[in-house]
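> kindly return the folded structure for what I paste below:
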Amino acid sequence: MAPRPLLVVDGDSFAHRAYHALPKTIRRQGGKPAGAIVGFANFLLRLYEEERPRAVLVGWDTLAAPTYRHDAFSGYQAGRQFDDELVEQLEVLPEFVSACGFACAKASGYEADDFLAAAVARAERRGGPVLVATGDRDSFQLASDKTTILQPLGGGKIARIGPAQVRERYGVEPRQVPDFIALRGDPADKLPGARGVGAKGAAALLRRYGSLEAALRDGRFRSQAEELRLYRAIATMDKSAPLPSLRGKAPSWDKAAALARRWKLDRLGERLESLAKQGA
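Down below sits the predicted model:
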């Protein structure tokens, strides 16, 4: 029997998707917003049922504190603002995840991406396998023979991204993804990239040189060299991020159901109670 995978989830990525996909009229106890909570919870439960992981870790951003990326580059994620109702739900979602019996990772100075990378590194050292669920394509750098990226698509479908799919989509190896992002730029994070270089040009340069650093040593982008090194550092997930225990244990669906009931999210509570009865 194949070993059960570690499931690592980008909490912010899926909470944002849920917030924008579900009606804002969904409310919990006290009239507080709940669309992101319900959407995220349903997605997490679906992933668990489909993948049957040995353990689950959900990584979170810390919105109130800047990371080393913000300190190093003032334009990083410039202008990004979130609705108050989304922020409020992001603050309580870790409580739901913990009630399910799953691990959470959140620490000042780190992004959810960093916890994903750290968890992958730890699990791969122990032999894997790992599933990384995120809508952030920066995570393609984590794809390997032991790690598969679960990328949400429209209509509830999920793409499974391994090294072959990274090569097909970007024309580079997973380990080259930070170099690719540095050269191409990243509009979402406000990284400008190399002047006059798009996705095809970035891939072609990396096929020729193997790395951004090799291209710089050959005299390419002299006026932008330090900027591009900085962009690469920003795009590289930090595998040293602090992690909780990733030991497997049975989910506590009954505890999560009680929390959902307390929040007056009865349909979610019913689903969790059903899982508890099944012993899933």
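> what's the next secondary structure element after the lowest-mean-pLDDT helix or strand in the chain?
Every helix and strand in the chain was compared by mean pLDDT, DSSP states H and E; the lowest is helix 68-72, with a mean of 59. Sequence-wise, the next helix or strand downstream of helix 68-72 (DSSP states H and E) is helix 84-99.
> so where do the helices sit in the chain?
11-21, 35-51, 68-72, 84-99, 112-125, 163-170, 177-184, 199-209, 212-217, 225-235, 253-262, 266-278 (DSSP state H).
> and the angle for the last one with helix 35-51?
Using axes from the mean of the first three to the mean of the last three Cα atoms, to 10 degrees, the direction of helix 266-278 lies 20 degrees away from that of helix 35-51.
> contacts for helix 266-278?
For helix 266-278, the external contacting residues (Cβ atoms under 8 Å, 6 or more residues apart in numbering) are 38, 41-42, 45, 49, 251, 253-254, 256-258, 260-261. Where C-beta positions appear, they are placed from N, C-alpha and C, glycine not excepted.
> using neighbour counts, pick out the buried residues of it.
268-269, 271-273, 275-276 (16 or more other Cβ atoms under 10 Å).
> what's the angle between that helix and helix 84-99?
Taking the same axes, to 10 degrees, one finds that helix 266-278 is oriented at 10 degrees with respect to helix 84-99.
> avg pLDDT for helix 266-278?
When pLDDT is averaged over helix 266-278, the result is 95.
> centre of the chain to it, how far?
Relative to its chain's centre, helix 266-278 lies at 26 Å (Cα atoms, centre = their mean, to the nearest Å).
> could you dump that helix to CSV, C-alpha only?
C-alpha atoms of helix 266-278 as CSV (Å, rounded to 0.1, in the frame of the first residue of the first chain):
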residue,chain,number,x,y,z
ASP,A,266,-25.7,24.5,10.8
ARG,A,267,-25.1,23.0,7.3
LEU,A,268,-21.4,22.9,7.9
GLY,A,269,-22.0,21.4,11.3
GLU,A,270,-24.2,18.7,9.8
ARG,A,271,-21.4,17.8,7.3
LEU,A,272,-18.9,17.5,10.0
GLU,A,273,-21.2,15.4,12.2
SER,A,274,-21.6,13.1,9.3
LEU,A,275,-17.9,12.7,8.9
ALA,A,276,-17.6,12.0,12.7
LYS,A,277,-20.2,9.2,12.4
GLN,A,278,-18.4,7.7,9.5
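> residue 61 versus the nearest residue to residue 62 once chain neighbours are set aside, what's the distance?
In this structure, residue 62 finds its nearest non-sequential neighbour in residue 108, 5.3 Å apart by Cβ to Cβ, 6 or more residues apart in numbering. Per Cβ to Cβ, to the nearest Å, residue 108 is found 11 Å from residue 61.
> please apply the same query to residue 195.
As judged by Cβ to Cβ, residue 195 and residue 61 stand 30 Å apart.
> next: residue 149.
In terms of Cβ to Cβ, residue 149 sits 18 Å off from residue 61.
> for residue 21, same thing?
Counting by Cβ to Cβ, the gap from residue 21 to residue 61 is 19 Å.
> more neighbours, the two?
The residue with more neighbours, out of residue 21 and residue 61, is residue 61; 20 against 11, by other Cβ atoms under 10 Å.
> my read: that one touches residue 12, true?
Yes - using Cβ atoms under 8 Å, residue 61 makes contact with residue 12 at a distance of 4.8 Å.
> which residues do the two both contact?
With Cβ under 8 Å, 6+ apart as the test, residue 61 and residue 12 both reach 90, 112.
> how far off centre is stretch 243-258?
20 Å.
> mean confidence (pLDDT) on that stretch, please.
For stretch 243-258, mean pLDDT rounds to 94.
> before we move on, what about stretch 200-208?
Mean predicted confidence for stretch 200-208 is 96.
> and residue 194, how many neighbours?
Neighbours of residue 194 under the rule other Cβ under 10 Å: 22.
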